[in-house]
Structures are given as C-alpha cells and as structure tokens.
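J.: Make a model of this:
(4 chains)
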Number of protein chains: 2
Amino acid sequence: MAARSKPVSAGAGPANSRGKPTLRTIADITGLAVTTVSRALANAPQISIETRNRVRQVALDIGYSPDRAAQRLKTGRTNVIAILLEPHEEILGYGTSVMAGIAKALQGTAYHLIVMPNFLNAANIDAINYIIRNSMADGLIFSRTEPLDPRVMLLSENGFPFVTHGRTELATAHPFVDYDNFTFAYEATRRLIAKGRRRLALISGPAGYTFAGHIQHGFMTAVREAGCAYEILSDIDLDCPAGAIRDRIRRRYAEKDPPDGFACGGEVCALATITGMTDCGLTLGLEYDIVAKQTSQLLSAIQPRVDTIYEDLTATGEHMGRILLRRIAGSTNINELQLLLNPELPFETQPASVAD
Amino acid sequence: MAARSKPVSAGAGPANSRGKPTLRTIADITGLAVTTVSRALANAPQISIETRNRVRQVALDIGYSPDRAAQRLKTGRTNVIAILLEPHEEILGYGTSVMAGIAKALQGTAYHLIVMPNFLNAANIDAINYIIRNSMADGLIFSRTEPLDPRVMLLSENGFPFVTHGRTELATAHPFVDYDNFTFAYEATRRLIAKGRRRLALISGPAGYTFAGHIQHGFMTAVREAGCAYEILSDIDLDCPAGAIRDRIRRRYAEKDPPDGFACGGEVCALATITGMTDCGLTLGLEYDIVAKQTSQLLSAIQPRVDTIYEDLTATGEHMGRILLRRIAGSTNINELQLLLNPELPFETQPASVAD
DNA sequence: CGATCTATTTAAAACGTTTTCATCATACGA
DNA sequence: TCGTATGATGAAAACGTTTTAAATAGATCG
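T.: Model (predicted):
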C-alpha cells in the first residue's frame, strides 16, 4: 500500500494533474518503475510472475485504464475501425443493422467503431484518402462495391486493411463478405416459376454495383432455364423512392403483356410493387406473385404474405468485423478473409473458418 | 524551399520516421521553431502575419495535418462525439438517419462521430460510466429519455457535455432536442375526429419513456375535448414486432366496440394495424382511419394513403450535433441548448437561435 | 575467484503536439 | 544614453505511453 525507496508523493491517490490514474500512479504505489509497470500489464515474460500479479491487482484496485491517446501516439495504432456510411442507407436501417453487427464483433476488443459519413456526394475516394492520410483508423469497412472499385484499388495499393461488403472483379484478392445474390435471384425466380408465373420482371440494384450484376445474372439464368418471358424493369432500381417504383409498376401495367411475377431486391421495393399492382386492381397471390429479399421484420406482418428470402445484415456486419480484426492482426490467408454468405444459412451455421 | 541557419536534414521531404509530415517538418523547411509553427497554424496574433502565411502555405504544400493522437494527449480533448446506439433502433433506420444528421453538423469541424453500441442489454449507465471514465469522447448523444433518467443525472453530476433526444422531468435543465409529441398526438387525434371517427385507439411508445407519456397526454387531451370513446391499446407498443401488433389488432376487433380510428406512433405500427384490420375485412378510409407518425418515405407509396405527420430525424440529429458543439464550446445559455421541434416546421425554418 | 550468464528491473528517449517561460531585437519616452 | 515597452520568436517541459539500451544482482562455471 505504501510506496517505498522512492521519492514519492504521500498517498496512493491519483497523483495525476487530470485526476486519472496513470502508469506513474501505479509505479509510485508499488515502488516499481514505470517501465516495469507497463511491461507487467502487457504480461511480458521478462517480468516476474509475482510482480505481474501485484501490478495487475493495484491497477484493478485504483481503476487504471490506459490512455488511448498516449498509446496511439506511441504505437501509431488507433484502435479504431471506420465504416463508410452511404446516404442511400438511410432507409430501412441498413447502416444500423450492419453497425450493430460490427460492434458485436468488436465487443471485448480494444477497438471502437467510428462512422465516416459520405453524403453530400463527396467522391468516395476522397473520404478514403482522408482516412489513410490522417491515419484515422486501423481498418475500414464499406459497402456497395463496383466490379472495378477504385476504393478497393486505392486501399490495396496502400496496404490499408479493409473489408468490403460485396465483391469486385479485381485481380488482386481482397477481404470481403458478400451475400450470394446470384443464388438469391435464381431461387426467387425459380419460386415465381414454381408458382406458375411465366412473365417475370426484376427490380435490381442500381447499375454499376457488383451485387446488381449478380442479381441480374441469377434472374437471367433462371428465366432462360425455364424459357419464360422476362424483363428487367428499366428506369428504376432499389434505390428509387417507393413512389417512383409504384408509378413505374402502374405504367408498365398499362402496356401490353405485363409481368405476373416480380423478383424484388428489397422490401420497400416489394411494398411499392404491391401498391402499384393494387392500384391496377390486381391481387397478390391471385393475379401475380412477388418474391423479395428480406432484411428486416417489416414484411412479416404484411397480408397477404410476401414470399421472401432472408439476408441477415447484422450477421454480415459481425463477419466483416471479425475478418477485419483478423486482417489487422496480420492474416493474409485469403481463405479466412473472404466469406460468401448463402441465403439459406443463418449466422450460427457458417463455416468454421469464420467462427473465430 | 531550402532550410537555413539550422542543423537540418537536406531536403524538404517528410523527415519523419513514419513518413508523415509533422510540425517538425515544417519547422525544418521554414527555418522556424516548432513552437512558432504551431502558433502560426493556430493563427496566434503574436506571430507576424507574413510568418503565418508562409507557414500555412508550406503546410498546405507538403500536405500537413496535425496528429490527432498527439493533440489529444496534450490537450485532453478527444475531438470525438459519441452516440449511444440502442438495439431498438435497428428497424427503420432511426440510428442511420440521426447519425447522418449528426455527421452533417460535424462536417467541417475537427469532430468525428463514434458509435457506442449498447445492445446485449448492458445497463445504459455502464456504457456512460465507461465513456466518462476513459474519456472516450468530448460529448455524448443519446435517445429515449425517461422522466427521471439516471443517465442524465450521472452526466450532469460529472459535468460531461451531452444532448439527449427527448426531455426529462429533472429539476436541473440539460441540453436536449425533442419533437413535440404532445402536439403530434393531439393533432393526429384531432384529424381522426375530423374524419368522423368516434372510437379512438392509441398505439404509443413503451411505458417509461418520456415521449410515450407526451403522446398519451396529447391523445387524451384531444379525446377528452371531443368527448369520444378512447383506449390505449394494452400489451403492445411501438417497439413490438409488426406481427404482434397485427395480432393484437385482430384480437381487439373480435371484442365489442372496436376502435374506428387509430393514432400510431410509427410507420411499421401503422402498417401492422392496416394489415390486422384488412384481415378483419375492413378498409382504411372506409370503415376506419389511421393517422401515423412518419419518419421515412416508407408509407408514402402505400395505397390507400395513410395520413401522417412528419418527424425529421436527420434534422433532429443535425440539431443535436450543433447543440452539443455549442455545449462543448462552453455555452451554458440554456436557451440555445434546448430545442423543441414543432411537427409542422421543417428544418430550414427553425428559430434563429439554432441556425448557428 | 574472476568471468560470463541469466533473470529481473530501470533510466531515458521517443511519439507530435501545446504551453510556459524566456530571449532578443527594435523602438520609444525621458 | 538608459531603462522599458513592444513585437516576434525560441527552448524546454509536459501529456502518458512504449521501447531501446543499460544496469544490477545472483548464479554458474572454468
């Protein structure tokens, strides 16, 4: 309890100017040097086991926790993970779900999650340059990759750890988590066909994103196999406001040979489709069917039920977090840095390589 | 360009071990002392205007940006704003919208937004203790206040800057942004009455939260004024899954004197209500009406249209961000730290005190 | 018994800022 | 001509860590 053989201020209280206990405080109490305390807390093997225990105990007693700023300054590590938040994600909690998942993966680690918003149409690449140049974080997560995504290229060149939500077609492999949108769309379309629908329409993601291509590919594969009529609804995509989609559906229905089956990449989109068709006097399950991607509980209460295939965004976030931590820790084993989530598999049953 | 009268490494490149330009780099280039450079960049009046300009130019040329860790260590300021993310916010993008707003307010400042997730049912108060004790941030934002919110009390006692989304009934005034839920509910109920509905039901927030009380108060005031039959639907609230609300609506309809007008505090809730009533063979606008709070574009595409009153969550976030910055800057003028948003007023037309 | 090891501990430097306290001209009033 | 403002700059300490390089004391050994 009392300090000895050292020039020390009397008590065991926080001798600090800011009132927070530091390594120095512990050093004074134990009579050890700051260096030793630091090493002891880091569990360095060169420090005797008794000293380590004693230091740990004192640290616990006085409620010591290391100053992140000082650690960061000294080591260059920030203990921060950044996520690039896109404006499109405002609706239906994409961002919130993914963040909750990431946070879950970060739980118990020294890492914290910081949000780098990317609205105001700033070019994505600027935000990333900013993060790299100012070493704002030890790792980065972002979504909506393009096949030749310049962000991925920039980060790869700089050796900056990152994980994308979505794949690219770049030659150099990089960490990602993706949902198998091909299988989603293929399966959705097959279900429509199984329900007897023969004039199928797809509402996919905005052109240019990898996932939109995958959805289209899955859709096309299924319709070609079955040999039915199909179309990809032009002028609209998943990012459009619900009203725009509803109007587009109504317009389409006024033309000839309207679709009787819709594959929808999102929930709001499905809802808008139902609304548009209802306006035209048609009933879901009777004159037409929908299979949609589900990412929340929104559609589960809608009557008549919309047939859905689930994508678990929180699990996606958790995977991305885990993978990023692994990457930061130095892993270059691409097998444990890439993960393609199957529409059927819930989080718990993913491959072992991921369940750390 | 060339350094002079100083022992200096030859070129103007980043003489740094980590390769990043520092104050030292600029000092070497200009031949000034680090102190002077620091002051010049801080625009200190004691430094001559020419020197200030010269330093600024060099800083720009070599792409200098201050090391946040060092600043933080020295000043004790973190330049970080934290938001406590609640699990309930996963659905319908509450969190994402508010964060986008906060980020907008932080735009151009030195502040960054970090997310402190609070799921896993950890007591709220622990998260806040953690933030205070480890000085994780300079300010905190959180939502869903209770009338005697212990978090508010803790933060106030510690003099830690914060802004709540929602009011409390505590004696000591604190910064907040709130939506006038009384007026919302009052107005919603009045609209139902104006539509000729006379047996009104309310679906409000979970008991215990301040805003739920305000909603009920508004509802009660309106129904009492009009003298019509009313009820607050028991066993469910806005946080319930849509399916639970739908079922509750169906059960209620099976009993006698079912409501013909619903005031709904949220969009999912409104959707679930429609679904439940449709199941019972009733049509919105014909046998019953709904007035709901709207926070996204979700309902705008639904047919028949649901009558809504808007709450702009992104604007709320932006206000909270601005107010928190003001509070951190030292303001104690409670008039510019509290804001009650009127359901009618869009962001642009708020009182001058807020438009920084 | 002096020399080399080994096991533990320590002093001091460094990370990049900000801040306190000088220093040094130059100009000014007396 | 001297003291004293004044205006501009600098040296050095400090923030709380981690890390490099030493020091100390036993223990082992030839």
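J.: Please count neighbours and contacts with C-alpha atoms only from this point.
T.: Will do.
J.: Not including adjacent chain positions, what is the nearest residue to the closest residue to DNA strand C within the stretch 251-356 of chain A?
T.: Closest approach between the stretch 251-356 of chain A and DNA strand C, counting by Cα to the nearest atom of the strand: residue A:328, at 20.5 Å. In space, and not counting its chain neighbours, residue A:328 is closest to residue A:161: 6.0 Å by Cα to Cα, 6 or more residues apart in numbering or on different chains.
J.: Next up, the contacts around the one you found.
T.: Residue A:161 is in contact with A:138-140, A:155, A:324, A:327-328, counting by Cα atoms under 8 Å, 6 or more residues apart in numbering or on different chains.
J.: Distance-wise, check it relative to DNA strand D.
T.: If you measure residue A:161 against DNA strand D using Cα to the nearest atom of the strand, to the nearest Å, the figure is 19 Å.
J.: any idea of the mean pLDDT in the strand or helix carrying residue A:70?
T.: With elements delineated by DSSP states H and E, residue A:70 resides in helix A:68-75, which encompasses its position. Taken as a whole, helix A:68-75 carries a mean pLDDT of 96.
J.: Same check on stretch A:32-41?
T.: The predicted confidence, averaged over stretch A:32-41, sits at 96.
J.: Same check on stretch A:176-191?
T.: The model assigns stretch A:176-191 a mean pLDDT of 96.
J.: Does residue A:309 touch residue A:292 like I think?
T.: Yes - under the criterion of Cα atoms under 8 Å, residue A:309 makes contact with residue A:292 at 6.3 Å.
J.: which residues in the stretch 51-200 of chain A form strands?
T.: Taking DSSP state E, counting those that start in this stretch as the criterion, the stretch 51-200 of chain A contains strands spanning A:80-85, A:112-117, A:139-143, A:162-165, A:176-179, A:199-203.
J.: any low-confidence regions in the stretch 1-150 of chain A?
T.: Low-confidence segments of the stretch 1-150 of chain A, defined by pLDDT under 70: A:1-18, A:87-93, A:119-123.
J.: Write out the residues of it neighbouring DNA strand D.
T.: By the criterion of Cα under 7 Å from any atom of the strand, the positions of the stretch 1-150 of chain A lying close to DNA strand D are A:16-18, A:20-24, A:34-35, A:38-39, A:42, A:65-67, A:70-71, A:73-75.
J.: 6 Å instead?
T.: If contact is defined as Cα under 6 Å from any atom of the strand, the residues of the stretch 1-150 of chain A in contact with DNA strand D are A:16-18, A:22-24, A:34-35, A:38-39, A:66-67, A:70-71, A:73-75.
J.: Quick one: mean pLDDT over stretch A:321-337.
T.: Computed over stretch A:321-337, the average pLDDT equals 96.
J.: and the residue of the stretch 251-356 of chain A closest to DNA strand C, how far is that from chain B?
T.: If you measure residue A:328 against chain B using Cα to the nearest Cα, to the nearest Å, the figure is 18 Å.
J.: just residue A:274 next, same as before
T.: Taken as Cα to the nearest Cα, the spacing of residue A:274 relative to chain B amounts to 9 Å.
J.: sorry, back to before: buried only: go through the residues of the stretch 1-150 of chain A next to DNA strand D for me.
T.: Of the members of these, the ones counted as buried by neighbours, 16 or more other Cα atoms under 10 Å in any protein chain shown, are A:22-24, A:34, A:38, A:67, A:70, A:73.
J.: closest point of the stretch 251-356 of chain A to DNA strand D, which residue?
T.: Minimum separation of the stretch 251-356 of chain A from DNA strand D (Cα to the nearest atom of the strand) falls at residue A:329, amounting to 14.1 Å.
J.: now that we're looking at the residue nearest the centre of chain A, which residues does it contact?
T.: Against the mean C-alpha coordinate of chain A, by Cα atoms, centre = their mean, the closest residue is residue A:317 at 3.6 Å. Residues in contact with residue A:317, defined by Cα under 8 Å, 6+ apart, are A:97-102, A:105.
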